[in-house]
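S.K.: When you get a sec, could you give me coordinates for this:
(one chain, ligands or ions: 1)
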Amino acid sequence: MTKIQQNRGKSKLKNHSDFTVNFNTNFSPENSTNFTLKKDLKKAPYLDTLAQLQPQNDNNLVYKRLQNEQTAELSTIKSLEKRAKSKYVTNAYLYKLIDLDSSLKKSYWNTFHCSSVLIQNQKKITSTFCNNRWCITCNRIRTAKLINGYKPEFEQLDNPYFVTLTIPNVNDVDLVNTIDAMLLNFRKLTNYIGKRSRLGKMDKLLAIRKLEVTYNDVNDSYHPHFHIIVNGKENAEYIRKQWLSIYTDARIWAQDIRKADINSMIELFKYTTKIITKSKKQGISIHVHALDIIFIALRKRRTFQTYGIRMVNEDIDELQSQEYEDIEEYDSVIYEYVGHDWYNTETGEELTGYVPSEFEQELKNNIK
Ligand SMILES: [Zn+2]
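M.R.: Okay, here's the model as predicted:
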């Protein structure tokens, strides 16, 4: 018996009335009907499979793990435990985002409900997802989907480079306009490469471009930038040169070009915004006000664009089901997420046995 299985059932909900209140707010008979009606929709193969995608130095190992992505061995209670953790970490700052009362408040609430109810039938577990960028639960699924989707394309590139394009940081009021201008300038740049390549003066542009925004808590500024995987050194260098001619105040040393490998793919697809800021001075912090500004600036924007490469949709399915090989078989069992795990609504038994680490528990105390 594994440790997790041993843990199952150990910690049961002490206060059943708390649980009932929570349950009623998150779940209703209508939802239940939806689940029943939609449960046979197309299965998503990438659910809960990102755990194995941490950057590694050994490329072969990473490749192997990527190859394992879609195999059944990863559809275990362990992957649900990782999801329990993602939800716990997301909740550490989610309530603070909701409290900001911003224009995204309704969407932040959707994340509260993300995967909060699991429906089990035999060995299949179904739940709904919010598809929001601030949701770590959804980001894990999205990253796995993008890596799996783009991996065959990436393997077709004979000489891929990883390019980072930056500009000087901006303040909150300038963020939206700055992003608009960056997207426009990049489009002009790629159109120009397209023209030159049609004239036979350059290689065809094969690239994936991602927009990312980070926050600098030292001087309260925002850092929108592009990461690009592009085929061919000449095209990579041309993009940098043109970028520097458009943004004459951009520093040349901040426009990085390096050979791309499988880790570049992980770097490209892992997130759009770092939720947790780490600095020597302040240690770990989560700046919810800054995150809100970033997520508003990125709202309804596609953060990925491809050139000469098939596009993979960055959205994840709202409803997803997956079989788990090492769970006990039940029929029509409902689990509700409370605190840090899902609990069987009839027996109170916990599902995964996930216990937050000290670091994870401390996160909510580091919100600025
Ligand atoms: Zn979500």
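S.K.: Can you check the pLDDT for the residue positioned nearest the centre of the chain?
M.R.: For the chain, the residue nearest the mean C-alpha position is N139 (1.9 Å; CA atoms, centre = their mean). The score at N139 is 92. That number is its pLDDT.
S.K.: do L291 as well
M.R.: The per-residue pLDDT of L291 was computed as 96.
S.K.: Mind telling me what element it is part of?
M.R.: Under the criterion DSSP states H and E, the helix or strand holding L291 is helix 288-298.
S.K.: Specify the next element, helix or strand, located C-terminal of that helix.
M.R.: Past helix 288-298, heading to the C-terminal end, the next element that is a helix or strand (DSSP H and E) is strand 304-307.
S.K.: Give me the packing partners of the following helix or strand past that following strand, helices and strands only.
M.R.: Reading on from strand 304-307 to the C-terminus, the next helix or strand found by DSSP H and E is strand 319-323. With contacts defined as 3 or more CB pairs under 8 Å, 6 or more residues apart in numbering; DSSP states H and E, the packing partners of strand 319-323 are strand 124-128. The C-beta positions use only the backbone N, C-alpha and C, and glycine is treated the same way.
S.K.: Tell me the helices and strands packed up against the strand it packs on.
M.R.: So strand 124-128, by 3+ CB pairs under 8 Å, 6+ apart, packs with strand 117-122, strand 319-323.
S.K.: Buried by neighbour count: which residues of it qualify?
M.R.: Within strand 124-128, the residues scored as buried using 16 or more other CB atoms under 10 Å are 125-128.
S.K.: Between strand 319-323 and that strand, find me the angle.
M.R.: Angle of strand 124-128 versus strand 319-323, following axes from the mean of the first three to the mean of the last three CA atoms, to 10 degrees, is 160 degrees.
S.K.: buried residues in the following helix or strand past strand 124-128?
M.R.: As assigned by DSSP H and E, the chain's next helix or strand after strand 124-128 is helix 136-156. Residues of helix 136-156 classed as buried: 136-151, 153-154 (neighbour count, 16+ other CB under 10 Å).
S.K.: So which of the helices and strands packed on strand 124-128 is nearest E358?
M.R.: Each of the helices and strands packed on strand 124-128 has some distance to E358 by CB to CB; the shortest is strand 117-122, at 26.7 Å.
S.K.: Adjacent strands (with direction) for the closest one?
M.R.: According to DSSP bridges, strand 117-122 forms sheet pairs with strand 124-128 (antiparallel), strand 330-338 (antiparallel).
S.K.: starting at the chain centroid, how far to the shortest one?
M.R.: It refers to strand 124-128. In terms of CA atoms, centre = their mean, to the nearest Å, the gap separating the centre of strand 124-128 from the centre of its chain is 19 Å.
S.K.: Is it in proximity to the ion?
M.R.: No: residues of strand 124-128 contacting the ion under CB under 5 Å from the ion: none, with a closest distance of 8.8 Å.
S.K.: Would you map out the domains in the chain?
M.R.: Following automatic domain parsing, one finds the domains of the chain at 3-146+316-366, 156-307.
S.K.: Would you single out the least confident of those domains?
M.R.: Of all the domains of the chain, domain 3-146+316-366 carries the lowest average pLDDT, namely a mean of 73.
S.K.: following the helix or strand where I179 lies, which helix or strand comes up?
M.R.: When secondary structure is defined by DSSP H and E, I179 falls within helix 175-198. Beyond helix 175-198 on the C-terminal side, the first helix or strand identified by DSSP H and E is strand 207-216.
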